[in-house]
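**Q** Return atomic coordinates for the entry below.
(chains A and B)
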Protein chains: 2
Amino acid sequence: MGGGPVTDVSNADRTPAEARALFRDGLVTPTAGWSAGWTQANLLALPRDLAYDFLLFTQRNPKPCPVLDVLDAGQVSGPILDGDIRTDIPAYRVYVDGELTDETTDVTSWWRDDLVAFLIGCSFTFEAALLEQGVPVRHVEQGVNVPMYRTTRRCRDAGAITGPLVVSMRPMPATQVADAVRVTSRYPAVHGAPVHVGDPADLGIADLARPDYGDPVEVRPGEVPVFWACGVTPQAAVVESRPSLAIAHAPGHMLVTDARDSSYLV
Amino acid sequence: MGGGPVTDVSNADRTPAEARALFRDGLVTPTAGWSAGWTQANLLALPRDLAYDFLLFTQRNPKPCPVLDVLDAGQVSGPILDGDIRTDIPAYRVYVDGELTDETTDVTSWWRDDLVAFLIGCSFTFEAALLEQGVPVRHVEQGVNVPMYRTTRRCRDAGAITGPLVVSMRPMPATQVADAVRVTSRYPAVHGAPVHVGDPADLGIADLARPDYGDPVEVRPGEVPVFWACGVTPQAAVVESRPSLAIAHAPGHMLVTDARDSSYLV
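**A** From the prediction side, this is the model:
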């Protein structure tokens, strides 16, 4: 997955349909900053026989797994996706028995009619609101993917699905933490308020400079790391729970949906 | 189900465990006003083979069906219920093939090990907040059950589950509608903001004086009827969808849980 996000202003102005057409045609890029005002989503597709367990997992862990929509088995589009879930994401990860087996731009050959696709909210939705409040979003400033970390906190199990909480991190001056909490708490459908403010060691994160997914970002002197529940949590659960097949987006390479960010504002 | 709610102030002060013990011992009463500050919940228990469809139905219809917790098949208690779901509600309704078959205070004899119990948020949670804002809650003033109506609006289907939206109604002066919207929108986990303000005919409600569930309340000259999505919606879906067995609370006779209302405030 080469390079940082394409930050050309025109990408922010593209409609979701235009963005998806580019990705369908082979463009591979993190999607931070694309199609401003339109909601981006995490993908996890699982066989139908695990769909109840996973849907219950999302209900029991709403902060990392806020479900925006579910595509029934046999469907590849839906109310917030006038496209094709198998081709319209810039990059996918395919897990077989919990092992990362393929990273590709088109999962048509992997798709099965019994796959149920869960579309899960993404923190990119609230980043525009943070920037409007003057809260820094370092990975956008640096033009890289957001840093994400597996933690030692466990999600609440559901049937066969178990796994750790994954978080994303944004560093900021201590004076702006309250603003960041206030702004993001108004978006419960896209991870909501932070799950942790401060010492990474409390989450079992040994080194902020070595994220488990995405890229490291600069933490300046006096800045506080602020952690939000992350939509990569389902992929960490896949690795532990070992379903026969799971198809996900590549971290940071999201589905650009036809839903507006404003529809998720409380 | 005789009479109005018991409005003795001591009922508001009872702990959830105390309230449930009274109901378990046979007290039958609507629960509005009981155990102030503690969350009340709607119940729908369904066989395991319908659990995915129903959980997806709740995900697709979050305003009428905000899930607070799910008790796995074989469980009768859980994190927000340190008790027994089969006995601790003041009154139950049992549906067989979609037909209301029994109304009883104890469903132990009906219970099966494959039943999954869904606990769904209830608008009683935000009524205290409305009263604090000076917004009238007429059915509490009148000491009756809240009026509820089946509407001509359809819920979004999920597999075998289909049904109409059911709403509860609270009349108020036009000057207080905005306050009511503002206050309740902060409680998305318990139905959130109203779904309709004004003309009942738009919802297919012919006569406010003849609710489908609960009791009629006075609508004074100049008052506006305000409608919220209602947790009886799952029971209307049961009537249409005809599962082999479904066990629900009797409307207005809720489960008093061990969760605090404040935990559902955004």
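
**Q** Just the closest residue of chain A to chain B, please.
**A** Relative to chain B, the nearest point of chain A is A:Tyr52 (3.7 Å; C-beta to the nearest C-beta). In this view, the C-beta of every residue, glycine as well, is placed from N, C-alpha and C.

**Q** May I ask which helix or strand encompasses the closest residue to that residue other than its chain neighbours?
**A** Nearest non-adjacent residue to A:Tyr52, counting by C-beta to C-beta, 6 or more residues apart in numbering or on different chains: B:Tyr52, 3.7 Å away. Element membership of B:Tyr52 [criterion: DSSP states H and E] is helix B:51-60.

**Q** Any chance you could give me that helix in CSV, C-alpha atoms only?
**A** This file holds the C-alpha atoms of helix B:51-60, laid out as CSV (Å, rounded to 0.1, in the frame of the first residue of the first chain):
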residue,chain,number,x,y,z
ALA,B,51,-32.3,-14.2,16.8
TYR,B,52,-30.2,-12.9,13.9
ASP,B,53,-33.2,-11.7,12.0
PHE,B,54,-34.5,-9.8,15.0
LEU,B,55,-31.1,-8.4,16.0
LEU,B,56,-30.8,-7.1,12.4
PHE,B,57,-34.3,-5.7,12.7
THR,B,58,-33.2,-3.7,15.7
GLN,B,59,-30.1,-2.5,14.0
ARG,B,60,-32.2,-1.3,11.0
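
**Q** Per-residue pLDDT of the closest residue to A:Thr125 other than its chain neighbours, please?
**A** Distances taken as C-beta to C-beta, 6+ apart put A:Val190 closest to A:Thr125, at 4.1 Å, once the chain neighbours are dropped. We have a pLDDT of 84 for A:Val190.

**Q** And A:Thr31, by the same measure?
**A** The predicted local confidence for A:Thr31 is 91.

**Q** How many neighbouring residues does it have?
**A** 24 (other C-beta atoms under 10 Å in any protein chain shown).

**Q** pretty sure the residue nearest to A:Tyr52 contacts A:Phe54?
**A** No: using C-beta atoms under 8 Å, B:Tyr52 makes no contact with A:Phe54, being 9.6 Å away.

**Q** Have a look at those two and say which one is more surrounded.
**A** Taking other C-beta under 10 Å, B:Tyr52 and A:Phe54 do not tie; A:Phe54 has more neighbours (29 against 25).

**Q** how about the helices in chain A?
**A** A:9-13, A:16-24, A:51-60, A:124-132, A:138-142, A:177-184, A:233-241 (DSSP state H).

**Q** would you turn those helices into TSV with distance to B:Phe118 and mean pLDDT?
**A** As requested, the helices of chain A are exported to TSV (distance: least, C-beta to C-beta, whole Å; pLDDT from 0 to 100):
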stretch	distance to B:Phe118	mean pLDDT
helix A:9-13	41	82
helix A:16-24	33	97
helix A:51-60	9	96
helix A:124-132	28	88
helix A:138-142	39	92
helix A:177-184	28	94
helix A:233-241	22	96
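
**Q** sorry, back to before: enumerate every residue touching the residue nearest to A:Tyr52.
**A** A:Ala51, A:Tyr52, A:Leu55, B:Gly159 (C-beta atoms under 8 Å, 6 or more residues apart in numbering or on different chains).

**Q** what's the closest non-adjacent residue to the third one?
**A** Read that as A:Leu55. B:Leu55 (5.0 Å).

**Q** Likewise for the first one?
**A** Leaving out its chain neighbours, the residue that sits closest to A:Ala51 by C-beta to C-beta, 6+ apart is A:Val116, at 4.2 Å.

**Q** Just to check, the one you found is in contact with A:Leu44?
**A** No: at 9.3 Å, A:Val116 and A:Leu44 do not qualify as touching, with contact defined as C-beta under 8 Å.

**Q** Give me the contacts around stretch A:92-105.
**A** Residues contacting stretch A:92-105 (C-beta under 8 Å, 6+ apart): A:1, A:23, A:26, A:28, A:43, A:87, A:90-91, A:106-107, A:110, A:235, A:238-250.

**Q** how far does that stretch stretch from start to finish?
**A** 6 Å (C-alpha to C-alpha, to the nearest Å).

**Q** cool, and stretch A:205-221?
**A** Termini of stretch A:205-221 sit 19 Å apart (C-alpha to C-alpha).

**Q** Quick check: A:Ser185 touching A:Ala193?
**A** Yes: A:Ser185 lies in contact with A:Ala193 (C-beta under 8 Å); the separation is 3.9 Å.

**Q** I figured A:Asp114 hits A:Ala45, correct?
**A** No: contact criterion C-beta under 8 Å: A:Asp114 and A:Ala45 do not qualify, at 10.0 Å.

**Q** Run a quick neighbour tally on the residue nearest to A:Ala51.
**A** 23.

**Q** Now for it: which residues touch it?
**A** So A:Val116 contacts A:Ala45, A:Leu46, A:Pro47, A:Arg48, A:Ala51, A:Phe54, A:Val70, A:Leu71, A:Asp72, A:Ala73 (C-beta under 8 Å, 6+ apart).

**Q** Select from the residues you listed the one having the most neighbours.
**A** A:Phe54 (29 neighbours).

**Q** if I look at that one, how far off is B:Lys63?
**A** A:Phe54 sits 23 Å away from B:Lys63, going by C-beta to C-beta, to the nearest Å.

**Q** cool, A:Gly231 as well?
**A** When A:Gly231 is compared with B:Lys63 (using C-beta to C-beta), they lie 23 Å apart.

**Q** Between the two, point out the one with more neighbours.
**A** The neighbour comparison of A:Gly231 against B:Lys63 (other C-beta under 10 Å) goes to A:Gly231, with 30 against 19.

**Q** Per-residue pLDDT of the residue nearest to the more buried one when sequence neighbours are not counted, please?
**A** The shortest distance from A:Gly231 to any non-neighbouring residue, by C-beta to C-beta, 6+ apart, is to A:Asn42 (3.4 Å). We note a pLDDT of 94 for A:Asn42 in this prediction.

**Q** Could you show which parts of chain A are in contact with chain B?
**A** Proximity of chain A to chain B, by C-beta under 8 Å from any C-beta of the partner chain, involves residues A:51-52, A:55-56, A:59-60, A:67, A:69-70, A:72, A:159, A:185-186, A:188, A:192, A:266.

**Q** OK, contacts around the residue nearest the centre of chain A?
**A** Nearest residue to the geometric centre of chain A (C-alpha atoms, centre = their mean): A:Gly231, 3.9 Å. The contact partners of A:Gly231, by C-beta under 8 Å, 6+ apart, come to A:Ala41, A:Asn42, A:Pro64, A:Cys65, A:Pro66, A:Ile120, A:Gly121, A:Cys122, A:Ser123, A:His191.

**Q** Could you find the lowest-pLDDT member of those residues?
**A** Among the contacts of A:Gly231, A:His191 has the lowest pLDDT, at 85.

**Q** the strands in the stretch 151-266 of chain A, which residues?
**A** Secondary structure of the stretch 151-266 of chain A (DSSP state E, counting those that start in this stretch): strands at A:164-173, A:196-197, A:223-229, A:245-249, A:255-260.

**Q** Output those in a markdown table, with mean pLDDT appended to each entry.
**A** Below are those laid out as a markdown table (pLDDT from 0 to 100):
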| stretch | mean pLDDT |
| --- | --- |
| strand A:164-173 | 96 |
| strand A:196-197 | 96 |
| strand A:223-229 | 96 |
| strand A:245-249 | 97 |
| strand A:255-260 | 96 |
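
**Q** Fine by me, we can end here.
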